[in-house]
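J.: Sequence first, then the predicted structure:
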Amino acid sequence: MTTKKFVPGSLLILLIALFGFRDASRPSAHKRWSHPALEGEVYILVIKSSYELQVYDREGWYATYPAVFGNKSLDDKMMQGDRKTPEGTYHIISKRPHEKWDKIMDLDYPTAADKAKFNERKAMGLIPKTATIGDGIAIHGTWAHDENAVDAYQNWTNGCVSLKCEDMDEVYKMAPVGTKVIIQH
């Protein structure tokens, strides 16, 4: 009788084959800070390079949720139609249920800073002269029964930040209109 030696990498290969590729350095679930309730003013930090939306309060970091974005390049938004998620400081200007994506929190994109970046890039010839800046950037859930897009880090939006619906429900409760949202690479 021969026994097979377990090779740790073989389990990983099997899991990838069964469930698809997943970068182990990225978060797979939200984490909680040690304090059970939010304290004071809340703000949101979105880090595109690590596919995360983080919630902070007066005590510091509170929770992290996996997120996906628009264009897979993760570059800063240049113009309408490029499907890129903008980088900068924004605020939630409205919140509402959404027929496709569970809930949605609209951001105040484009801000004066976005308009200045857009005009500078246009003057440098990085953007066509006929281009427009775009609008309608938000944080929202996924299509019904399509949360695997977040699990697989598939950037599918037109420039928005997308969370699993159950995570969106939590963030929606935590972040009132006026909440600051910082989006960075």
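T.: Arrived safely. These numbers come from a predicted model, not from an experiment. Numbers count the residues shown, from 1 in each chain.
J.: now the residue lying closest to Lys77 once chain neighbours are set aside: how far from Glu166?
T.: The shortest distance from Lys77 to any non-neighbouring residue, by CB to CB, 6 or more residues apart in numbering, is to Pro86 (3.8 Å). To be clear about C-beta, it is placed using only N, CA and C from the backbone, and glycine gets the same treatment. When distances are taken as CB to CB, to the nearest Å, Pro86 and Glu166 turn out to be 26 Å apart.
J.: on that earlier part again, verify the stated contact: the residue nearest to Lys77 with Gly159.
T.: Yes. Taking contacts as CB atoms under 8 Å, Pro86 lies within contact range of Gly159: 6.8 Å.
J.: Identify the contacts common to the two.
T.: Residues touching both Pro86 and Gly159 (CB atoms under 8 Å, 6 or more residues apart in numbering): Lys77, Ile137.
J.: Asp135: what's it in contact with?
T.: For Asp135, the residues meeting the contact criterion (CB under 8 Å, 6+ apart) are Gln80, Tyr109, Pro110.
J.: rewinding a little: name the SS class of the residue nearest to Lys77, please.
T.: Of the three states, Pro86 takes coil under DSSP: H, G, I helix; E, B strand; the rest coil.
J.: Counting neighbours, what do you get for it?
T.: Using other CB atoms under 10 Å, Pro86 is surrounded by 24 other residues.
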